[in-house]
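Peer 1: Got a predicted model here, sequence first, then my questions.
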Amino acid sequence: MKRVGLIIPSSNLVIEDMLHGRAGSFRKDIGIHIARLPVTTVDLGNRSKKQFDAEMVDQAIDQLLEAQVSQIIFAGTAGAWLGIERERLWCAEAEQRTGVAVTSTTLLTLAELKTLNFGSLGLVTPFTPKVHDAIVQNFESEGFSVGYGSCFGLDSSRQMAELPLDQIADRIDMSFQKGCDGVLCFCTNFRGFEAAQLVRFPQIAGKILDSVQLTLDAAGRV
C-alpha cells in the first residue's frame with residue numbers, strides 16, 4: 001500500500017470532514033495519514049507567521065515519516081501569502097532531507113491553474129483583506145489575472161470552517177457575474193467544494209476550483 005501524509009492546521013475541520021465523506025472513492029491501495037500543525041490565527045503579524053516556521057512544519061513531517069509515507073502534502077495555503085518562492089524552496093529542502101516527495105496545496109493549486117489557463121480568475125477566500133490582497137499579489141506575480149476577489153474578513157481559522165455555504169455560493173456567483181472565466185475557493189478550512197454545489201448557473205460546472213478538493217485529489221491518485 002502507498003501511504004500519503006497530510007500536514008493540516010490543528011484548527012482545520014474541513015479536510016477530515018471531506019476525507020470521511022469521500023472515503024469510498026479513494027483507491028484501496030492508498031492510505032491517508034495526518035499530522036497536525038498548531039495553527040489558530042491567520043494574519044500578517046509575526047505571531048501568526050511563526051506558526052508556519054520551517055522547524056514547526058519539519059516536526060510534523062518527522063511524525064509522518066514514522067508511518068513510512070511516500071509523499072507528503074502540506075494541506076495549507078500559507079505559502080500563498082507568506083511567499084510562493086519560499087514555499088517552493090521549503091518543499092525542495094524537505095524533499096532533500098527526507099527522500100520523499102513533498103508538495104503543498106498552494107503549489108498544487110498553481111499547477112492546476114496553469115493547465116486551465118483562465119483569462120480572468122475569481123478568488124474567494126475567508127481571510128482578512130490584507131491576507132487576501134497578499135494572495136492576489138502573489139498569484140499575479142505568477143502570471144494569473146485575478147479579475148474579481150472576495151474575502152470574508154476572518155482571522156480565526158476555526159471560524160473559517162463555519163461560514164454558511166449559501167454565503168460562499170453567493171461570492172462564487174458574483175465572480176461569474178463580474179465576468180470571471182473560473183473561480184477558485186482558496187483555503188483548506190473553507191467549504192468551497194460544498195458551496196459550489198449550490199451555484200445557480202449550471203453552465204459553469206467544472207469552472208469552480210476548490211483547494212481542499214485539489215489537495216485530496218492529489219493525495220488519492222498517488
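Peer 2: Happy to help now that I have it. Numbers count the residues shown, from 1 in each chain.

Peer 1: For this protein, which segments are assigned as helices?
Peer 2: 14-21, 46-50, 54-65, 79-82, 84-98, 105-116, 129-141, 157-160, 165-177, 192-196, 211-220 (DSSP state H).

Peer 1: As a markdown table, the ones you listed with distance to Ile7 would be great.
Peer 2: Every residue, glycine included, has its C-beta placed from N, CA and C. Listed next are these as a markdown table, based on distance: least, CB to CB, whole Å:
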| stretch | distance to Ile7 |
| --- | --- |
| helix 14-21 | 10 |
| helix 46-50 | 16 |
| helix 54-65 | 4 |
| helix 79-82 | 12 |
| helix 84-98 | 10 |
| helix 105-116 | 10 |
| helix 129-141 | 19 |
| helix 157-160 | 14 |
| helix 165-177 | 24 |
| helix 192-196 | 20 |
| helix 211-220 | 11 |
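
Peer 1: Go through those helices and pick out the most buried.
Peer 2: Ranked by average neighbour count under the criterion mean count of other CB atoms under 10 Å, the helices of the chain are headed by helix 79-82 at a mean of 24.

Peer 1: rewinding a little: figure out which of the helices of the chain is closest to Cys151.
Peer 2: Of all these, the one in closest proximity to Cys151, counting by CB to CB, is helix 129-141 (3.8 Å).

Peer 1: other SSEs contacting the closest one?
Peer 2: Counting contacts by 3 or more CB pairs under 8 Å, 6 or more residues apart in numbering; DSSP states H and E, helix 129-141 packs against helix 79-82, strand 121-125, strand 146-151.

Peer 1: do you know which of these lies nearest Cys185?
Peer 2: With CB to CB as the measure, strand 121-125 is the member of the helices and strands packed on helix 129-141 nearest Cys185 (5.0 Å).

Peer 1: Direction included, what does that closest one pair up with?
Peer 2: Under the criterion DSSP bridges, strand 121-125 sits next to strand 146-151 (parallel), strand 182-185 (parallel) in its sheet.
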